[in-house]
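Peer 1: only the shape, not the letters, is given here:
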């Protein structure tokens with residue numbers, strides 16, 4: 001059975017896009033594991049909870065602090081991406097799961113590459 005990890009930096013139990021995607025994948029016969037925030041939303045697929053990011057102002061500040069420098073110096077993007085605890089936790093979860101497919105739900109979900117030195 002093909003294993004699919006759905007990575008979303010949202011409250012998965014409240015995100016209808018992610019819920020629909022996970023349900024559709026499970027109905028199609030895939031072994032689905034959602035990786036994100038919140039509570040386990042469905043008994044039909046697995047769930048890995050990430051550490052919370054903090055409130056919206058803190059999230060936006062952290063995004064600005066990591067993405068603005070990456071725009072000026074793209075080579076720094078992977079290192080800046082993994083400064084955030086939930087990004088490191090997501091990477092660790094994905095490495096442990098070793099899925100056949102990773103569905104990143106938003107552009108911020110994955111860096112352009114996984115540098116093994118950042119593990």
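Peer 2: On my side now, so go ahead. Every value quoted in this text rests on a predicted model; they were computed, and no experiment measured them.
Peer 1: which residues sit against stretch 18-28?
Peer 2: 4, 6, 8, 10, 12-13, 32, 34, 36, 41-42, 44-45, 103, 105 (C-beta atoms under 8 Å, 6 or more residues apart in numbering). All C-beta atoms are positioned from the backbone trio N, CA, C, and that covers glycine.
Peer 1: three-state assignment of the closest residue to residue 85 other than its chain neighbours?
Peer 2: Take residue 85 and drop its neighbours on the chain: the residue closest to it by C-beta to C-beta, 6 or more residues apart in numbering is residue 51, 5.4 Å away. Under the three-state scheme (DSSP: H, G, I helix; E, B strand; the rest coil), residue 51 adopts coil.
Peer 1: what's near enough to touch residue 51?
Peer 2: Contacts of residue 51 by C-beta under 8 Å, 6+ apart are 85, 86, 89.
Peer 1: I'd like those residues as TSV, with distance to residue 27 appended.
Peer 2: Below are these laid out as TSV (distance: C-beta to C-beta, whole Å):
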residue	distance to residue 27
85	33
86	28
89	28
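Peer 1: just checking, what packs against whichever strand or helix holds residue 66?
Peer 2: Secondary structure from DSSP states H and E places residue 66 in helix 56-72. The contact analysis (3 or more C-beta pairs under 8 Å, 6 or more residues apart in numbering; DSSP states H and E) places helix 56-72 against helix 77-81.
Peer 1: mind checking what helix or strand follows the helix it packs on in sequence?
Peer 2: Downstream of helix 77-81, the next assigned helix or strand under DSSP H and E is helix 85-97.
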